[in-house]
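Student: Attaching a predicted model along with its sequence, questions to come.
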Amino acid sequence: MDQDYLASGSMAIAGVIVGSLLTYFLSKKMHRKDRLTGEIYRPLIGQAAQLHAIVSLGSSPDLAGLENVKHDGLYYVIDKEVRKKADLALQEAKNYRDLYEASDGRIGNIIKEVMESLASGENLEKYRGGAYEFSYAAYVNNRYMGSTRVRNCIFVGKTPIEVLKADRPIIDERSVRSYIGGYDVERSLADELVQIMLRRCEEDATIREARMLRFSLLDRLQEVIKSAKEEIT
């Protein structure tokens, strides 16, 4: 009887020890996952989404946020597949940034050349004084609803009206105003200028290459976001 008592006692103690060890390791694993989620995965998702939004708009990409995530030591212990996708996206983003800068310079030249070929006299002097800054702004019942730069629109191959309506579908095209160098410009003239600029951009090999890389980068960033989310759900 004493032996049975001792055996059952030993088994109980062993059960407690095993249970404690399991609790410890599970707790440690959960703590590790929580730390990776808070310090790497969530920041990675946020920065990738932010960069995706910037690239979608045709604006200059800022890679500082993604690079900061990669510089964290914990980055190298996250899921290998997520890290691989993030590394590829960051490298492609760097290539895109360089190509974007080259394309932006070419677009600036196209804007200037088109304006100088169609404008003259006092208007041309105004445009030059405003550094040929060309933009559209939308209003609803005289309430400002947003604006967009023409150089960003033509870079992504869209008209300013298309970009503004994609963001705010309620916008009435008739309420959109156009400006060059800060001065009001007739919409008919502005729209004509935009169409000429779009055609000129289609003929430029560097701009076409940048557009193609832009689509590829957007896909890579989506993959990073999806993979990172799967690790925290």
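Tutor: Thanks, I have it.
Student: Tell me how this structure divides into domains.
Tutor: Under the assignment automatic domain parsing, the domains of the chain span 2-88+222-232, 102-212.
Student: Out of the ones you listed, which gets the lowest mean score?
Tutor: The weakest mean pLDDT among the domains of the chain belongs to domain 2-88+222-232, with a mean of 76.
Student: Tell me the buried residues in stretch 42-52?
Tutor: 43-45, 47-48, 51-52 (16 or more other Cβ atoms under 10 Å). Where C-beta positions appear, they are placed from N, C-alpha and C, glycine not excepted.
Student: where along this protein do the helices fall?
Tutor: Along the chain, counting by DSSP state H, helices occupy 2-36, 42-56, 64-71, 80-118, 121-129, 150-155, 160-167, 187-202, 205-232.
Student: To residue 139, which of those helices lies closest?
Tutor: helix 160-167 (10.4 Å; Cβ to Cβ).
Student: Just the C-alphas of the closest one, formatted as CSV.
Tutor: C-alpha atoms of helix 160-167 as CSV (Å, rounded to 0.1, in the frame of the first residue of the first chain):
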residue,chain,number,x,y,z
PRO,A,160,-6.3,64.5,-62.8
ILE,A,161,-10.1,64.1,-63.1
GLU,A,162,-9.7,60.3,-62.9
VAL,A,163,-7.4,60.6,-59.9
LEU,A,164,-9.7,63.0,-58.0
LYS,A,165,-12.9,61.0,-58.7
ALA,A,166,-11.2,57.7,-57.7
ASP,A,167,-10.6,59.3,-54.3
